[in-house]
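# for reference, the sequence and a predicted model appear below.
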There are 4 protein chains.
Amino acid sequence: MLLYLQPDSDVPLYQQIRDQIVAGLATGQLSPGDPLPPIRQLAADFGVHFHTVNKAYDLLRQEGLIRLHRRTGAVVVCEPAPPEFRGQWRERARVLLAEAFVKGIPPEEILAECTALLNSFQPANAHSDLSGGAST
Amino acid sequence: MLLYLQPDSDVPLYQQIRDQIVAGLATGQLSPGDPLPPIRQLAADFGVHFHTVNKAYDLLRQEGLIRLHRRTGAVVVCEPAPPEFRGQWRERARVLLAEAFVKGIPPEEILAECTALLNSFQPANAHSDLSGGAST
Amino acid sequence: MLLYLQPDSDVPLYQQIRDQIVAGLATGQLSPGDPLPPIRQLAADFGVHFHTVNKAYDLLRQEGLIRLHRRTGAVVVCEPAPPEFRGQWRERARVLLAEAFVKGIPPEEILAECTALLNSFQPANAHSDLSGGAST
Amino acid sequence: MLLYLQPDSDVPLYQQIRDQIVAGLATGQLSPGDPLPPIRQLAADFGVHFHTVNKAYDLLRQEGLIRLHRRTGAVVVCEPAPPEFRGQWRERARVLLAEAFVKGIPPEEILAECTALLNSFQPANAHSDLSGGAST
DNA sequence: GTGGTCTAGACCACA
DNA sequence: GTGGTCTAGACCACT
């Protein structure tokens, strides 16, 4: 589990940290019950202040993805999504998909990209293969 | 083409304006060659500072979606995506899809959401002339 | 609306600020739509760092009691309680009432205290008089 | 008398222990003169450090609810409330009641909740001998 | 002029 | 040794 931070990005550092941890959760690099590195250690590893990492962890806690513990540190938990999640997610997806669409990427390709990304998630459990592509 | 702005949202107003124009482009409410309302008029219509609208237009210009002329105002252009667009878009899509995935939404449902959204774009599947549609 | 902070209390400063704003909301000193003082001004008035006030405001935002705005600052909103609120509140009430009970305060007196406190809330609207006490 | 500890809660373990003992006192599961389990045994039973239990017991001792002897262990005592107790309790009750009030719960319902909780204390209304109940 | 982000570092609470 | 609190102050984003 490695983080690649871009200090000059317009995306806040704490958001980058949060995003990459979410991606790590999806790809199975992190699983429920796994501990996250201590705030201060992760901060030292990437040369940011521990407050920045703290804010990222706090975001993840509010989203129900990790739990912060005095002794254990942060552990992955993955609570179920609240009822309003679906609608808010759809609105963000609408904009993201629209961006690709208006830049001329054919819908089939956009869907293929999404399928490929989804297939890269949780490789160990192999939920299902969403692509109609051939294998073997 | 109507904008629904939420002044109390955590999403900046200029971003909301930009997002809705992008969505309008995708759904075909706006097409290449169409003029956008003058900055000051749009600002007056929605009670925001014209600097805010200006920033939204500037974003769209940087993305190659509109062109600003001092006389004609803003017109939709839809330049082809630069080579780096695809990769950057994929990274943002990865995070968005990961969020849904880790919250327990099955990949099939996520894909179904994406498909539904894409089908709502450019009614009647007439998404063949995304470029070159405006001019003599 | 005045805040009385006790720097030496075991209750964190940001919690004290949050608590007193909640109390101010209940007594009608603050009403939905009212603006809260700017973070930095409130911090300066009470000699604390603006981060401390920021954390208090952020708590209130998470509870749905205020909304933070870039331009307007913080305004009171009072969203409805989430479904899990009632049960969590009851557990905290159980402990608080038990404390008074085990210290020998008769239940009637405890209820009288609660009634008096509730009657001190929202004085302008005069919800109802919960005490059976006589008034001339 | 059983304790239900939530190690992942944001409430410190020692506070949870203290709270549940207070609740046990209120419901009559523990009465003045009753012995509390030895610190080390309670710690072992619930898999927490004995320092944690020690801190909970110390809190209760400071509150005048138990007395610690080096031989007898901890016994329930229920000293009368110090003069400052009433005022401090009222301030905490004000905040708790205000929270329910500002979240829209009607005062009648809040009072009903308090009444129900108080009625669950010390079964059969035998709350007359809160002190002096322990002897030869 | 508002809130937001980030850094730097001290001290404390919890287990 | 973990996270939490608080201070101090710089710089940026939004309107």
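The structure has been received and is ready for your questions. Numbering: from 1, shown residues only, chains lettered A, B, ... in the order given.
# name the element the residue nearest to A:Gln16 when sequence neighbours are not counted belongs to?
Residue nearest to A:Gln16 in three dimensions, not counting chain neighbours: A:Leu5, with 5.5 Å by C-beta to C-beta, 6 or more residues apart in numbering or on different chains. All C-beta spots, glycine's among them, are computed from the backbone N, C-alpha and C. Following DSSP states H and E, one finds A:Leu5 outside all helices and strands.
# check whether the helix or strand containing A:Leu111 contacts chain B.
Following DSSP H and E, one finds A:Leu111 within helix A:107-119. Yes. Applying C-beta under 8 Å from any C-beta of the partner chain, one finds helix A:107-119 touching chain B at A:107, A:110-111, A:113-115, A:117-119.
# number of residues surrounding the residue nearest to A:Gln16?
15 (other C-beta atoms under 10 Å in any protein chain shown).
# check the one 10 residues further on too.
Burial of A:Gln15, expressed as a neighbour count using other C-beta under 10 Å, amounts to 15.
# which of the three states applies to it?
Three-state call for A:Gln15 (DSSP: H, G, I helix; E, B strand; the rest coil): helix.
# hang on, it packs against A:Val53?
No. With contact defined as C-beta atoms under 8 Å, A:Gln15 does not reach A:Val53; the gap is 11.9 Å.
# host element of the closest residue to A:Val102 other than its chain neighbours?
Spatial nearest neighbour of A:Val102, chain neighbours left out: B:Leu25 (4.4 Å); criterion: C-beta to C-beta, 6+ apart. Using DSSP H and E, B:Leu25 maps to helix B:13-26.
# and after that helix, which helix or strand comes next?
As assigned by DSSP H and E, the chain's next helix or strand after helix B:13-26 is helix B:39-46.
# can you pull the contacts of the spatially most central residue of chain A?
The centroid of chain A falls nearest to A:Val22 when counting by C-alpha atoms, centre = their mean (2.1 Å). Applying C-beta atoms under 8 Å, 6 or more residues apart in numbering or on different chains to A:Val22 gives the contacts A:60, A:65, B:95, B:98-99, B:102.
# same check on A:Leu96?
Residues near A:Leu96 by C-beta under 8 Å, 6+ apart: B:89, B:92-93, B:96.
# just the buried subset of those residues, please.
For the contacts of A:Leu96, a burial check counting by 16 or more other C-beta atoms under 10 Å in any protein chain shown picks out B:89, B:93, B:96.
# any idea how far the nearest residue to A:His49 once chain neighbours are set aside lies from A:Ile17?
Closest residue in space to A:His49, ignoring its immediate chain neighbours: A:Ala43 at 6.0 Å, by C-beta to C-beta, 6+ apart. Distance of A:Ala43 to A:Ile17, computed by C-beta to C-beta, to the nearest Å: 10 Å.
# anything in contact with each of the two?
Counting by C-beta under 8 Å, 6+ apart, the contacts common to A:Ala43 and A:Ile17 are A:52-53.
# ok, those two, which is more surrounded?
Between A:Ala43 and A:Ile17, counted using other C-beta under 10 Å, the more crowded position is A:Ile17 (23 against 19).
# the closest residue to that one other than its chain neighbours is in what secondary structure piece?
With sequence-adjacent residues excluded and distances taken as C-beta to C-beta, 6+ apart, A:Ile17 is closest to A:Ala56, at 3.8 Å. Element membership for A:Ala56, per DSSP H and E: helix A:50-62.
# just give me the neighbour total for A:Pro107.
Neighbours around A:Pro107, by other C-beta under 10 Å: 19.
# oops, could you answer that again for A:Val95 instead?
Using other C-beta under 10 Å, the number of residues around A:Val95 comes to 19.
# which ones are touching it?
B:19, B:22-23.
# one more: A:Val75?
Contacts of A:Val75 (C-beta under 8 Å, 6+ apart): A:33-36, A:66-67, A:69.
# now do 7 Å
A:Val75 makes contacts with A:33-35, A:66-67, A:69, as judged by C-beta atoms under 7 Å, 6 or more residues apart in numbering or on different chains.
# assumed it was part of a strand.
Yes. Counting by three-state DSSP, A:Val75 is part of a strand.
# which residues does it bridge with?
On the basis of DSSP bridges, A:Val75 is bridged to A:Pro35, A:Arg67.
# next one: it from D:Gln29, what distance?
Distance from A:Val75 to D:Gln29, counting by C-beta to C-beta: 33 Å.
# buried set for the lengthiest helix in chain A?
If you go by DSSP state H, chain A has its longest helix at helix A:85-102. Across helix A:85-102, burial judged by 16+ other C-beta under 10 Å covers A:85, A:89, A:93-102.
# of those, closest to chain C?
A:Phe85 (13.6 Å; C-beta to the nearest C-beta).
# before we move on, the earlier item: can you lay out the residues of helix A:107-119 next to chain B as CSV showing pLDDT and distance to B:Gly47?
As requested, the residues of helix A:107-119 next to chain B are exported to CSV (pLDDT from 0 to 100; distance: C-beta to C-beta, whole Å):
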residue, pLDDT, distance to B:Gly47
A:Pro107, 94, 36
A:Ile110, 96, 35
A:Leu111, 96, 39
A:Glu113, 96, 38
A:Cys114, 97, 37
A:Thr115, 96, 42
A:Leu117, 96, 39
A:Leu118, 96, 41
A:Asn119, 95, 46
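# close to chain D: what parts of chain A are there?
Proximity of chain A to chain D (C-beta under 7 Å from any C-beta of the partner chain) is limited to residues A:67, A:69.
# where does chain A dip in pLDDT?
Applying pLDDT under 70 to chain A flags the ranges A:1, A:123-136.
# cutoff 50 now
Within chain A, the stretches with pLDDT under 50 are A:124-130, A:132-136.
# can I see the domain layout of it?
Using automatic domain parsing, the domain parsing of chain A gives A:13-76, A:85-119.
# could I get those as JSON lines with distance to C:His49?
Formatted as JSON lines, the domains of chain A follow (distance: least, C-beta to C-beta, whole Å):
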{"stretch": "domain A:13-76", "distance to C:His49": "13"}
{"stretch": "domain A:85-119", "distance to C:His49": "33"}
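# for those domains, which one sits closest to DNA strand F?
Comparing the domains of chain A by their distance to DNA strand F (C-beta to the nearest atom of the strand), the top pick is domain A:13-76, with 3.3 Å.
# between the two ends of that closest one, how far is it?
Here the two ends of domain A:13-76 are set 21 Å apart, with distance taken as C-alpha to C-alpha, to the nearest Å.
# burial measure for A:Gln16, as a count.
Counted with other C-beta under 10 Å, the neighbours of A:Gln16 add up to 21.
# again with A:Arg67
For A:Arg67, the number of neighbouring residues by other C-beta under 10 Å comes to 20.
# excluding chain neighbours, what is closest to the closest residue to chain C within chain A?
Nearest residue of chain A to chain C (C-beta to the nearest C-beta) works out as A:Gln62 at 7.2 Å. Sequence neighbours aside, C:Gln62 is the residue nearest to A:Gln62 in space, at 7.2 Å (criterion: C-beta to C-beta, 6+ apart).
# quick one: stretch A:67-77 to chain centroid distance?
Here stretch A:67-77 is found 18 Å from its chain centre; the criterion is C-alpha atoms, centre = their mean, to the nearest Å.
# and if you look at stretch A:49-67?
For stretch A:49-67, the separation from the chain centroid amounts to 13 Å (computed by C-alpha atoms, centre = their mean).
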